[in-house]
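> Please work out how this folds:
(chains A and B)
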Amino acid sequence: MTDTDVMNIAKKRGFLWSSFEIYSGVAGFFDYGPLGAILKNNIINKWRRYYVVREGFYEIESPTIMPGEALKASGHVDHFTDPMTECKDCMEVYRADHIIRDAIDKDVEGLENQKLTEIISKNKIPCPKCGGHLSHVWSYNLMFQTLIGAKGKKTGYMRPETAQGIFIPFKRLLRFFRGKLPFGAVQVGKAYRNEISPRQGVIRLREFTQAEAEIFVNPSNKKHSRFSAVADQTLTLFPAENQVKEAGTVKVKAGDAVQNGIISSEILTYQLCLAERFLSELGIPDEALRFRQHLPTEMAHYAIDCWDVEVKTDRFGWIEIIGIADRTDFDLKSHSQYSNEDLRVFIEYDEPKTLKKVVAKPDMKKFGPMFKGNSPKVKYALEEVDAGTVQKSFEDEGFFDVEVEGEVYKLTPDLVGFEEKTETIRGEKIFPHVIEPSYGIDRILYSVLLHAFRNDGERAYLKLPVDMAPVSVSVFPLVNKEELAEIAHEIRDNLRLKDIISEYDASGTIGRRYARSDEIGVPFAVTVDHETLEDKTVTIRNRDDLKQVRVPLKDVYNILRSLLTGEKRFEDLDA
RNA sequence: GCGGUUGUAGUCUAGUCUGGUUAGGACUUGGGCCUUCCAAGCCUACGACCCGGGUUCAAAUCCCGGCAGCCGCACCA
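From the prediction side, this is the model:
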């Protein structure tokens, strides 16, 4: 299996190690070894080029420990849980709501634990396995809890997603972006989930890295200004409808997907396209990618539309590596409520709206003598009432009663005048909607390794994209002779001074060195041989086809640089 | 979290049933020899009984507990 081969290389050559090994390890935690750490940074930096540089979203960094209130507002304290029950006899543990649903065919999602416990005991629901008694229902919260401060009075949690760290300083962000939608902010960092039983290597971690963008948009305008740039891009979609009908995926052009209403908005579709380009630059082939729409039942209740980018793996099947959701205004609204801060945005109309309306104008010269000290109150009360109602009452009854603090005052037409007024409304305050692409970096790194792996029987190697490979250049002396070794060392040191990560290797035969170098995906190898001594040329070898070209020593850096930036391809070099 | 199963160098493995030499081999890795382009050969070195208790004169081996991996179930807002 590819997974086995890749994980072997990852472990052996320093990409991924399970953590705390000398203490026999803890499930759900992984170390990035020397090469893994570089690869991860390469992926993240490419992500930044996509989202921060090209999209113009800015990156922020917020704490990984969050106070309870913030996660109460986001819903994680109450809802990021599973209701659990345990059989008192055989100790088997179950999801309480699933037990009930299976036993009495009733959907009890969202009920409190006490209610669930009651339902179980009232209906005498037994353990499905041994028939024993089930315990009371408790909530298993997937967040790691901790205490903040010396006295530990304040409950804190390790953040379960980086997104909340962007919603919370929304007012500051809005000010930074000078009050105008749309804008986006991103965060790259660790998030934590205390999974019940993580057993899928780097696929389900208890501590993992997310790269998330939160894009704030006007709910009434989910178009995208650069949509035309992606409209012709073909996406492999797996819409909810097809999943239900057990039909397959469909290939659709982005523009058509919006037109046909398969994807709910331009801006969401644009994000799908962006994700696809990103992954394909990481070397993940199109046929191993699909966009799966969430079924209405699995979608969080606040989302309108949500698409997972899934990648095909030999061991785990299709796994989610990116989630792209329209989260609507749920988060901002909720934080607004809990914090009493106005997290709305003022949207100015294209044209101010003018409203013509009739207002009642009390004649204060007459009000004063008549109502004495109460006249201001009567005036305010009158202004509260719709002027039309007053007018109508005058016509029908000849008077109008206003009630102020329990007392009724009779107004007659001679006390009140009417005036037509035009009011200008320049805009309104709204909660923006949030479009959220959320990348699981660890899973992406795994996918990159998985799909870079090649084994043609002769050799096993990682065909990593040139800008992803942790080590860019290997430098070898053809044979282990002092004169050759010296030049090879110089070349390596010179490349390092110019920011190209390179390694020297003189151990074993030349073939073994190439093999070692290929195994970790080094795209190019420079070999110093006897000819170098005569005419100051070296060979550059291409990892993917084993071909070599001879180039002048003085040009080595420039050539490698242009190969590594993608300016030139190896095939275009003069042989 | 439950049940089954497995833990010997970086990797694969012998030894465990039936307790008893210095825990053996292969590959890998480091050093050297040889070598004019793709894991060759020779010499040499480093490197292991998952952890903790117990039984015993003696434990890699038997017993108990823990941890981890794998498989199945469950779980994955």
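
> so where do the helices sit in the stretch 151-300 of chain A?
Secondary structure of the stretch 151-300 of chain A, counting by DSSP state H, counting those that start in this stretch: helices at A:164-167, A:170-176, A:240-244, A:254-259, A:266-281.

> quick one, what contacts residue A:170?
With contacts defined as CB atoms under 8 Å, 6 or more residues apart in numbering, the neighbours of residue A:170 are A:216, A:332, A:335, A:343. From N, CA and C alone the C-beta is placed, and that goes for glycine too.

> out of the helices of the stretch 151-300 of chain A, nearest to RNA strand B?
For RNA strand B, the closest of those is helix A:164-167, at 10.1 Å, according to CB to the nearest atom of the strand.

> Could you count how many residues lie near whichever residue of the stretch 401-550 of chain A sits closest to RNA strand B?
Per CB to the nearest atom of the strand, residue A:511 is where the stretch 401-550 of chain A lies closest to RNA strand B, at 2.4 Å. By the criterion of other CB atoms under 10 Å, residue A:511 has 9 neighbours.

> any idea how far residue A:27 lies from residue A:149?
30 Å (CB to CB, to the nearest Å).

> on that earlier part again, so what does the residue of the stretch 401-550 of chain A closest to RNA strand B look like in phi/psi?
Here the main-chain torsion angles of residue A:511 (degrees, to the nearest 10) amount to phi -60, psi -40.

> and the gap between residue A:306 and RNA strand B?
Spatial separation of residue A:306 from RNA strand B under the definition CB to the nearest atom of the strand, to the nearest Å is 9 Å.

> picking that back up, who's more crowded, residue A:27 and residue A:149?
Neighbours per residue, other CB under 10 Å: of residue A:27 and residue A:149, the larger number sits with residue A:27, 14 against 8.

> Which strand or helix spans that one?
When elements are defined using DSSP states H and E, residue A:27 is found to belong to no helix and no strand.

> The most centrally placed residue in chain A in helix, strand or coil?
Nearest to the geometric centre of chain A sits residue A:438, at 1.3 Å (CA atoms, centre = their mean). Three-state call for residue A:438 (DSSP: H, G, I helix; E, B strand; the rest coil): strand.

> Pretty sure it sits against residue A:161.
Yes. Using CB atoms under 8 Å, residue A:438 is in contact with residue A:161, at 7.4 Å.

> shared neighbours of the two, which are they?
Taking CB under 8 Å, 6+ apart as the contact rule, residue A:438 and residue A:161 both touch A:210, A:212.

> and residue A:266, how many residues sit next to it?
Residue A:266 has 21 nearby residues by other CB under 10 Å.

> Kindly state the pLDDT recorded for the residue of the stretch 401-550 of chain A closest to RNA strand B?
As predicted, residue A:511 sits at a pLDDT of 95.

> And residue A:446, which helix or strand is it part of?
Counting by DSSP H and E, the secondary-structure element that holds residue A:446 is helix A:441-452.

> After that helix, which helix or strand is next? Please name it.
strand A:453-455.

> name the helices or strands packed onto the very next helix or strand once past that next one?
On the C-terminal side of strand A:453-455, the nearest following helix or strand under DSSP H and E is strand A:460-462. When contacts are defined as 3 or more CB pairs under 8 Å, 6 or more residues apart in numbering; DSSP states H and E, strand A:460-462 sits against helix A:2-12, strand A:453-455, helix A:510-519.

> ok, residues contacting the last one?
Under the criterion CB under 8 Å, 6+ apart, residues A:9, A:13, A:459-462, A:471, A:474, A:476, A:478-479, A:503, A:505-507, A:525, A:527, A:541, A:543 lie in contact with helix A:510-519.

> Which of these are buried? Put it as a PyMOL command.
For the buried members of the contacts of helix A:510-519, the matching PyMOL selection, counting by 16 or more other CB atoms under 10 Å, is:
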select buried, chain A and resi 9+13+460+461+462+471+474+476+478+503+505+506+525+527+541+543
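
> Kindly identify which of the contacts of helix A:510-519 also come near RNA strand B.
Checked against RNA strand B using CB under 7 Å from any atom of the strand, the contacts of helix A:510-519 give the following subset in range: A:459, A:460, A:461, A:478, A:479, A:505, A:507, A:527, A:541.

> Those residues: which two are farthest apart?
Longest distance between any two of those is 25.3 Å, between A:460 and A:479; criterion CB to CB.

> Helix or strand with the lowest mean pLDDT in chain A?
Considering only helices and strands, the least confidently modelled element of chain A by mean pLDDT, DSSP states H and E is strand A:93-95, at a mean of 71.

> So which bits of the following helix or strand past that one are buried?
As assigned by DSSP H and E, the chain's next helix or strand after strand A:93-95 is helix A:96-104. The neighbour-count criterion (16+ other CB under 10 Å) identifies A:96, A:97, A:99, A:100 as the buried residues of helix A:96-104.

> Mind picking the one among those residues that's closest to residue A:393?
Distances from residue A:393 to these, taken as CB to CB, are shortest for residue A:97 (57.0 Å).

> Does that closest one touch residue A:115 like I think?
No. Counting by CB under 8 Å, residue A:115 is not a contact partner of residue A:97; they are 10.6 Å apart.

> care to break chain A down by domain?
Taking automatic domain parsing as the domain assignment, the ranges for chain A are A:2-71+A:146-332+A:434-441, A:81-141, A:347-430, A:471-572.

> weakest of the ones you listed in terms of mean pLDDT?
Taking each of the domains of chain A in turn, the one with the lowest mean pLDDT is domain A:81-141, at a mean of 73.

> what about that one, distance to the chain center?
Relative to the mean C-alpha coordinate of its chain, domain A:81-141 is positioned 33 Å out (CA atoms, centre = their mean, to the nearest Å).

> One more: stretch A:303-320?
Chain-centre distance of stretch A:303-320: 14 Å, with CA atoms, centre = their mean.

> how many neighbours does the nearest residue to residue A:9 once chain neighbours are set aside have?
Using CB to CB, 6 or more residues apart in numbering and skipping residues adjacent in sequence, the residue nearest residue A:9 is residue A:519, 6.1 Å away. Neighbourhood size, residue A:519 [other CB under 10 Å]: 15.

> Please identify the buried residues of stretch A:539-555?
A:539, A:540, A:541, A:542, A:543, A:548, A:549, A:550, A:551, A:553.
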